[in-house]
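# Following is a predicted model, sequence given first.
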Amino acid sequence: MKNLKANTLISLVAFQVFLLITANKYVFMTYLSGEVINALFLFLMLNIGICMVFNYLTAIVAQCFDNYQDKHRLNAVKM
C-alpha cells in the first residue's frame with residue numbers, strides 16, 4: 001500500500017509539472033504577442049492556482065491513503 005501511495009503522489013506531481021509547463025507556454029505565447037500585462041497576470045494566476053489546487057489535492061490523497069491504512073491496522077488488531 002505504501003508503494004501505491006508513493007506512486008499516486010508521484011503521478012500527481014508529474015501531472016502538476018505538465019500543467020505548469022503547458023500553462024507557461026501559453027503565457028509565453030501571450031507575452032510574445034505583445035500583451036505584457038496580461039502575460040504577467042496569467043503567469044501569476046495560473047502558477048499560483050495550479051500549485052494551490054495540487055497542494056490541497058495531494059494532501060487529500062495522502063490523508064485518504066493514511067486513513068485506509070489505519071482502518072486496516074485496526075481491523076488486523078481486532079482479529
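Ah, there it is.

# Quick check on Glu35: phi, psi?
phi -100, psi 80 (degrees, to the nearest 10).

# and what of Ser33?
Residue torsions, per degrees, to the nearest 10, at Ser33 are phi -80, psi 0.

# That one and Lys25, how far apart?
In this view, Ser33 and Lys25 are 13 Å apart by Cβ to Cβ, to the nearest Å. Quick note: C-beta positions are derived from backbone N, CA and C, even for glycine.

# ok, now Tyr56?
Counting by Cβ to Cβ - Tyr56 and Lys25 are separated by 24 Å.

# just Thr8 next, same as before
Taking Cβ to Cβ, one finds Thr8 at 26 Å from Lys25.

# just Gln69 next, same as before
Taking Cβ to Cβ, one finds Gln69 at 39 Å from Lys25.

# Neighbour count for the two, which is higher?
The neighbour comparison of Gln69 against Lys25 (other Cβ atoms under 10 Å) goes to Gln69, with 13 against 10.

# Need the pLDDT of the more buried one.
Here the pLDDT value assigned to Gln69 is 82.

# Against which helices or strands is the helix or strand where it lies packed?
Assigned by DSSP states H and E, Gln69 falls within helix 36-78. Applying 3 or more Cβ pairs under 8 Å, 6 or more residues apart in numbering; DSSP states H and E, one finds that helix 36-78 contacts helix 2-32.

# now the angle from the helix it packs on to helix 36-78?
170 degrees (axes from the mean of the first three to the mean of the last three Cα atoms, to 10 degrees).

# Show me the shaky parts of the chain.
Scanning the chain for pLDDT under 70 picks out 1-2, 74, 76, 78-79.
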